[in-house]
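Undergrad: Here is my input, please return the structure:
(chains A and B)
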Amino acid sequence: MEFLSISTDSRFTHKIWEAEELSKMVEGGIPYPMLSDAGGKIGRLYGVYDEAGGVDIRGRFIIDPDGIIQAMEVLTPPVGRNVSELVRQLQAFQLVRKTKGAEATPSGWRPGTPTLKVGPDLVGKVWTVWKPDMVY
Amino acid sequence: MSEEAMSCVQTARGPLVSSESPSADQPQAQPQEVQMEVARVGKEAPDFEASAYHEGGFKNVKLSDYRGQWVVVCFYPGDFTFV
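TA: Predicted structure coming up:
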């Protein structure tokens, strides 16, 4: 998979920020492309550009190999993301895709916990295979 | 030195609607940036192109280059900010 970060800063600022701060925070520096959304055009396209501030707010999109957006999460700037949740969602979407939709991941799913085999037989019977205290 | 490294800030482009544009320097009229379709979950992600910094160098990145892989796109307000 590929990871792309993007802000309205220029590629020049990205370079220096990576060199001055990020590479000290993360072993080996930043391995993924840091994109420049100068002008906020891409942010507007994705519904995350803040006109008043002139910046993109904290939006995160998961896009599948067919180019379809499977998930998004948008936060205002003061609160950071939870990468564990991103990883969990990615794993869930990949599992669903692999089974071609035969399986779905219920609430609270993480690798190793049960999935739901969707179909008419399950209607009204989900309680027999899943309960909240199994995962929460 | 590539001309891209010499020029100033390049604005990002999107949505890219045409099939393919070979070189990605100045915005051409050809990939039309038509009306604004805002990204929706469950729909195709609008294609875009942006200049980027990656592992010591500058390059242009187009979302459609990654078709066939999972892609995570993370927007954030600014470099050198706190969160």
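Undergrad: Show me how far the helix or strand of chain A with the lowest mean pLDDT is from its chain's centre.
TA: Lowest by mean pLDDT, DSSP states H and E among the helices and strands of chain A is helix A:132-135, with a mean of 90. Its chain's C-alpha centre and that of helix A:132-135 lie 24 Å apart, by C-alpha atoms, centre = their mean, to the nearest Å.
Undergrad: In chain A, where's the longest helix?
TA: In chain A, assigned by DSSP state H, the helix with the most residues is helix A:83-98.
Undergrad: Can that helix be said to contact chain B?
TA: Yes. Counting by C-beta under 8 Å from any C-beta of the partner chain, chain B is contacted by helix A:83-98 at A:Leu86, A:Leu90, A:Phe93, A:Gln94. In short, each C-beta sits where N, CA and C put it, glycine included.
Undergrad: residue contacts, the first one?
TA: Right, A:Leu86. Neighbour list for A:Leu86: A:Arg60, A:Ile62, B:Val72 [criterion: C-beta atoms under 8 Å, 6 or more residues apart in numbering or on different chains].
Undergrad: Equivalent analysis for the last one, please.
TA: Under the criterion of C-beta under 8 Å, 6+ apart, the contact partners of A:Gln94 comprise B:Trp70.
Undergrad: Roughly how far does it sit from A:Ile42?
TA: Going from A:Gln94 to A:Ile42 by C-beta to C-beta, to the nearest Å gives 25 Å.
Undergrad: And the nearest residue to B:Glu55 once chain neighbours are set aside, which helix or strand is it part of?
TA: Distances taken as C-beta to C-beta, 6 or more residues apart in numbering or on different chains place A:Pro31 nearest to B:Glu55, at 6.7 Å, with adjacent residues excluded. For A:Pro31, there is no helix or strand it lies in under DSSP states H and E.
Undergrad: pLDDT score for A:Pro31?
TA: At A:Pro31, the pLDDT value in this model is 95.
Undergrad: ends of stretch A:17-25, how far apart?
TA: 11 Å (C-alpha to C-alpha, to the nearest Å).
Undergrad: Give me the domain ranges for chain A.
TA: A:1-79, A:82-136 (automatic domain parsing).
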